[in-house]
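Participant: coords please:
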Amino acid sequence: MSSSIATELAGAAFLAYPYPVYRRLIEQTPVFWLPHVHEPGGMWCVARYRDVAFVLHHAPVFKDTSRIAPPERLTPLDRAMLQRDPPDHTRLRRLASHAFTPRRVQNLEPRIEQISRRLINQIRERGTADFITDYARPLPIIVIAELLGVPFEDHERFSAWSDQIMIGSDSVLGGEEAAHRSREAMAALVDYFTALIRERRQHPRDDLISALIAARDAEDRLNEDELLGMCVLLLIAGHETTVNLIGNGLLTLLRQRDQLSLLQRHPEYLTSAIEEMLRYESPVQRSTPRFAAATFEIAGQRIEQGQQISLMFGAANRDPSLFPDPDRFDVTRHPNPHMGFGSGIHYCLGAPLARIEARVAFSHMLEYLPDIDLATDQPQWKPVTWLRGLQRLPISV
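Facilitator: Numbers count the residues shown, from 1 in each chain. Predicted coordinates for the structure are as follows:
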């Protein structure tokens, strides 16, 4: 069974539309073993909402990969708060919160609007565009790079490194070549941030890297590896989810014209529409790994101590036990307890920024691009199974 599921998850049909597979897993095999592609072993995948919630909030699991992996295999992301457990996670998140404050995020909105208008004006002048290349990708990558304090001319390099890291980390579609490119991209990113951190320590600015360095130099401080890991995490996580949210959201609206028309007539539904986008086409489809700290059972499956576990947010967000008519896109859906940003102690720190960016993006599209339409019936999805995002989305305006 596990090998047939692995084959199905690696197929083109699954990448294009995974939700029939998710429904079958929820109903028939809510916890299953998925072998790794380019290394020994595998992981337990959890598809049902209540089981995902159990692992997030109650199961004996840990995330710290340094407990099971040799030091030479660890990357800066392994030392970031996403892959740490309390009390280290608590300390790191508190320090990040001091630098990544709600006020700092809220103050970005005028700049986000400025960037959005410029990108949309360029699209209007041409009349056609690849929405991902021309809007969904540059908006959040410019925002997070400026927030961190990265020079404008380096934005495209960051985007390329991030793509290589994401593709190479896929345990279903990845291979040794993709893993090698991922390691090279990570090494380049580490070298870049190492030099930038050194420069900011000597010449601080009003940016997030300088704020994180200040946190490091305080009494409760980030060590050098933690500081580097935080920068890498914030750069990648700070734009990848938002690119996918905006791209997936527009495709969904253009395919569900009744909902687009409803939103055009009632823009007050925009907040709930964005939450529905996060549920309906979740940017993160499968979580980063957790590991069983002790043997436990879930949905009739025995999870042995030390085994890897991944949570299928994309499936959980289509679980009919939580979401009536889950395959229907409804911009007015309420309540909507989706896991688009995770749940529990590892809930996405950048969720407020992603929501602001999405709100600006879709309010501007509704206002300035009233005739926007698809210019293809076959959009290209990224070759990644644990994220869901578009490589290309041709549009006309």
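Participant: quick one, strands of the stretch 1-150 of the chain?
Facilitator: Under the criterion DSSP state E, counting those that start in this stretch, the stretch 1-150 of the chain contains strands at 31-35, 42-46, 61-62, 128-130.
Participant: pLDDT weak spots in the stretch 51-200 of the chain?
Facilitator: The stretch 51-200 of the chain contains residues with pLDDT under 70 at 174.
Participant: got a pLDDT number for the residue nearest the centre of the chain?
Facilitator: Against the mean C-alpha coordinate of the chain, by CA atoms, centre = their mean, the closest residue is T241 at 3.4 Å. With respect to pLDDT, T241 has a value of 92.
Participant: do the one 3 residues further on as well
Facilitator: The score at N244 is 96. That number is its pLDDT.
Participant: one step back: please identify the most buried of the strands of the stretch 1-150 of the chain.
Facilitator: Highest mean neighbour count among those (mean count of other CB atoms under 10 Å): strand 42-46, with a mean of 24. (Each C-beta comes from the backbone N, C-alpha and C, glycine too.)
Participant: From the rest of the structure, what touches that one?
Facilitator: 2, 25, 30-36, 52, 55, 171, 286, 289, 298-299, 301, 303, 307-312 (CB atoms under 8 Å, 6 or more residues apart in numbering).
Participant: before we move on, what about stretch 232-242?
Facilitator: By CB under 8 Å, 6+ apart, stretch 232-242 touches 75-77, 80-82, 96, 100, 137, 139-141, 143-145, 147-148, 150, 158-159, 162, 165-166, 186, 189-190, 193, 208, 283-284, 341, 348, 350, 353-354, 357-358, 387, 389.
Participant: Narrow these to those in helices?
Facilitator: Those of the contacts of stretch 232-242 mapping onto helices are 96, 139-141, 143-145, 147-148, 158-159, 162, 165-166, 186, 189-190, 193, 208, 353-354, 357-358, per DSSP state H.
Participant: Any buried residues in stretch 10-27, and which?
Facilitator: 14-15, 18-19, 21-23, 25-26 (16 or more other CB atoms under 10 Å).
Participant: Next, work out how far apart A179 and L387 are.
Facilitator: In this view, A179 and L387 are 16 Å apart by CB to CB, to the nearest Å.
Participant: Please say which of these two ends up with more neighbours.
Facilitator: L387 (21 against 17; other CB atoms under 10 Å).
Participant: what element comes up after the helix ranked longest in the chain heading to the C-terminus?
Facilitator: For the chain, the helix with the greatest residue count under DSSP H is helix 224-255. Sequence-wise, the next helix or strand downstream of helix 224-255 (DSSP states H and E) is helix 257-265.
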